[in-house]
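build me a model from this:
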Amino acid sequence: MLKVGSEYTWLWVAIDAKSKEILALSISKERNMFVAERFLLNIIRDYGKHPVSTDGGGTWYPMACQFLKLEHHLHSSYEKSLIERTIQYIKDRTENFDDYFPCRIKNCNLKHVKNWLNLCRLS
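Below you'll find the predicted structure:
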């Protein structure tokens, strides 16, 4: 979760298992199977179908993978530590951005945060 202004948002991250490159970043105000499916569909559009590895933290990924006919499995604790470290790095950078440029808009569409995440991904 990320805190943007006074709201909490969910951070969605796709990391390539071999290169450890961040393939996709997204945020949402909801965390459910439909958001997971939309996130995975965008990755499939850009990179094709590949197995999905998660920490098993929720039912949304297995359900979305089943619907999209993607192989889903749980990753190892070593992979989990690498992924969590990457996610924490992204969260820290984004929360620092929000500290300097806080969002004061009620019901914000989070576009400025999405732009920031895209910038982080490129740098």
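
from here on, contacts and neighbour counts on C-alpha atoms
OK.

what's near enough to touch Leu119?
If a contact means Cα atoms under 8 Å, 6 or more residues apart in numbering, then Leu119 has no contacts.

so which strand or helix has it?
Under DSSP states H and E, the secondary-structure element containing Leu119 is helix 111-122.

output that helix in CSV with nothing but the alpha carbons.
Output in CSV follows, covering the C-alpha atoms of helix 111-122 (Å, rounded to 0.1, in the frame of the first residue of the first chain):
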residue,chain,number,x,y,z
LYS,A,111,-2.7,10.6,-12.6
HIS,A,112,0.2,12.5,-11.1
VAL,A,113,1.3,9.4,-9.1
LYS,A,114,1.0,7.2,-12.2
ASN,A,115,3.2,9.7,-14.1
TRP,A,116,5.7,9.6,-11.2
LEU,A,117,5.7,5.7,-11.2
ASN,A,118,6.3,5.7,-15.0
LEU,A,119,9.2,8.1,-14.5
CYS,A,120,10.7,5.8,-11.7
ARG,A,121,10.4,2.8,-14.0
LEU,A,122,12.4,4.6,-16.7
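
what residues sit buried inside it?
Using 16 or more other Cα atoms under 10 Å as the burial criterion, the residues of helix 111-122 that qualify are 113-114, 116-117.
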